[in-house]
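In: Structure for this input, please:
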Amino acid sequence: MGFAIPGVGEEKERQQQWGVGSHVMRNIVSEILSLDFRQFIEGTIGNLLGISRGTFLAAVFLGFLGALATRIPNLPLFIFAWVVGTMPIWILPAAVAGGWKAWVWYVQSNFLSKREPLLLEVKIPRELVKSPRGMEQALAQWWIYSGETTYFHRKWLGQVRPIFSLEIASFGGDVHFYIWTWKNYRKVVESSVYAQYPEVELVEVEDYASKYRFDPSKEMVYATDYRYEPRNDAYPIKTYVEFELDKDPKEEYKVDPLAQIVERMSVLAPDEQIWLQIVITMDMEVRRKPGGWFWETEQRFKGLAMAEVDKIRKEQAEVKGPEEDWKRFSRVQMHRVNEQIRVIERNMSKHPYHVGLRGVWISSPEHFGPQGWNNMRWIWTPVGNPQYLNQLRPRRWHTPFDYPYQDVWDLRWNLHAERFFDCYRRRAHFYAPYTLPDNLMSTEVIATLWHPIPTAIASPGVQRIPAKKAQPPPNLPK
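Out: Numbering: from 1, shown residues only. Next comes the predicted model:
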């Protein structure tokens, strides 16, 4: 009969786990044996070797054509004859589908081009003690289903739901909070924010992103999007409720997750900038109901949450072997399970939004380096909980560049930077010309990521207004 001494042998196991080749090879073999080619392409080919999915699939396709060329004489002529011969079968459906898609892109782009954008700067007073719950209530007021009432409005006129953008920008350590919207929704934004934060001021300002011009000869940038990982949208991040800000503690006891982010943005050099953008629009997405008839649908956000709760409960009740026989006659409260179910169900009760997060660090070549872009990659770490829930992980734009052969002479890097700034200026994420992956987040999560910071955050880069403006008494004689 053997026994184990705690701590003995753990260091060797840890060295094997973090060895250069062992765990990597196990992952590669596991991906191949599981026949999950999507995971193999994204994991081994994309993340490990740094080869894009398009490049890999193009190489496979060209290799397949090369193999066929050795077996079929005059392969180009054969392919041309086959395409022309089958054209009566596929040309009409392809033309209708492609034409309809192009029409929807056109009318939506035409509708968006006629919107008048508006950027409001949020001036924060010295004395502000309200919790992010106030911002959550304001966001609930922005959950507007307008413009897409009928199929005619959506697909023929190209109307879309209103889009809002919550932004934090630092210019050489000077931190500003912004709200971007369409001009016809200005009163909605102002009334909802003033109702919860009467001390703040909303001032229309010039769009900092529109007037900026990227010059690769003078500046260097690192741009990225942020996505939920490692779980699906049913699992949120750590919100202000986990930080106990919903209980309105005293200022000296408040632990605000934005404190570290704002402080990081406050210590930039004069030639550095950081922009963070949270683009949101209301969620009305539905999916086919699992196990139901093909015409039965359910709200996707609610369906994901309910499915995950059922999955967690079933996993706890399942007996996988003799070592788990105790589950048949005993129920042990597990903190992880209780916490996941509690957070998912609370998150499900809030209004859901489609959310796109992005950020960029702009710097002179003298200050540009790994430390700066690593801070940018993990700037949302204070709200992450990858063990139980989710974290915001960097994705897209400059994030995948790991090897020198991925970019020669910085051509792709600068091209990605130009496209990123164009996307940022447009506040584009959900419609053409930039349709990007997004996450479903509740108002509670968004309010955690962006809210007027309280007095407890004393970062030097935040310029606060002296005091609330006094209003005349309402009973003065006219």
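In: show me the residues around the nearest residue to Ala305 once chain neighbours are set aside that make contact.
Out: Spatial nearest neighbour of Ala305, chain neighbours left out: Met348 (3.9 Å); criterion: C-beta to C-beta, 6 or more residues apart in numbering. Where C-beta positions appear, they are placed from N, C-alpha and C, glycine not excepted. Neighbour list for Met348: Ala234, Phe301, Lys302, Ala305, Met306, Ser442 [criterion: C-beta atoms under 8 Å, 6 or more residues apart in numbering].
In: what about the fifth one, how many neighbours?
Out: When counting by other C-beta atoms under 10 Å, one arrives at 17 neighbours for Met306.
In: repeat for the third one
Out: Applying the criterion other C-beta under 10 Å, we find 15 residues in the vicinity of Lys302.
In: Quick check: chain neighbours aside, which residue is closest to it?
Out: Met348 (5.9 Å).
In: cool, the second one as well?
Out: Computed as C-beta to C-beta, 6+ apart, the closest residue to Phe301 that is not its neighbour in sequence is Pro352, at 4.1 Å.
In: Just the CA coordinates for stretch 80-88, please, in PDB.
Out: Provided in PDB are the C-alpha atoms of stretch 80-88 (Å, rounded to 0.1, in the frame of the first residue of the first chain):
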ATOM      1  CA  PHE A  80     -13.400  25.300 -67.100                       C
ATOM      2  CA  ALA A  81     -15.600  22.900 -69.000                       C
ATOM      3  CA  TRP A  82     -17.100  21.600 -65.700                       C
ATOM      4  CA  VAL A  83     -17.900  25.100 -64.400                       C
ATOM      5  CA  VAL A  84     -19.500  26.100 -67.700                       C
ATOM      6  CA  GLY A  85     -21.400  22.900 -68.100                       C
ATOM      7  CA  THR A  86     -23.000  23.100 -64.600                       C
ATOM      8  CA  MET A  87     -23.600  26.800 -64.800                       C
ATOM      9  CA  PRO A  88     -27.400  26.500 -65.500                       C
END
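In: Which strands border the longest strand belonging to the chain, and is each parallel or antiparallel?
Out: The strand spanning the most residues in the chain, taking DSSP state E as the definition, is strand 352-363. Strand partners for strand 352-363, identified by DSSP bridges, are recorded as strand 220-229 (antiparallel), strand 273-282 (antiparallel), strand 439-442 (antiparallel).
In: May I see the contacts of Met348 arranged in JSON lines, with secondary structure, distance to Ser165 and pLDDT as well?
Out: JSON lines is the format used below for the contacts of Met348 (DSSP: H, G, I helix; E, B strand; the rest coil; distance: C-beta to C-beta, whole Å; pLDDT from 0 to 100):
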{"residue": "Ala234", "secondary structure": "coil", "distance to Ser165": "25", "pLDDT": "93"}
{"residue": "Phe301", "secondary structure": "helix", "distance to Ser165": "21", "pLDDT": "90"}
{"residue": "Lys302", "secondary structure": "helix", "distance to Ser165": "26", "pLDDT": "90"}
{"residue": "Ala305", "secondary structure": "helix", "distance to Ser165": "26", "pLDDT": "91"}
{"residue": "Met306", "secondary structure": "helix", "distance to Ser165": "30", "pLDDT": "92"}
{"residue": "Ser442", "secondary structure": "strand", "distance to Ser165": "18", "pLDDT": "95"}
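In: export the residues you listed to TSV and tack on distance to Val262?
Out: Output for these, formatted as TSV (distance: C-beta to C-beta, whole Å):
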residue	distance to Val262
Ala234	29
Phe301	29
Lys302	34
Ala305	31
Met306	36
Ser442	23
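In: Quickly name whichever of these is closest to Ala169.
Out: Using C-beta to C-beta, Ser442 comes nearest to Ala169 of the contacts of Met348, at 24.8 Å.
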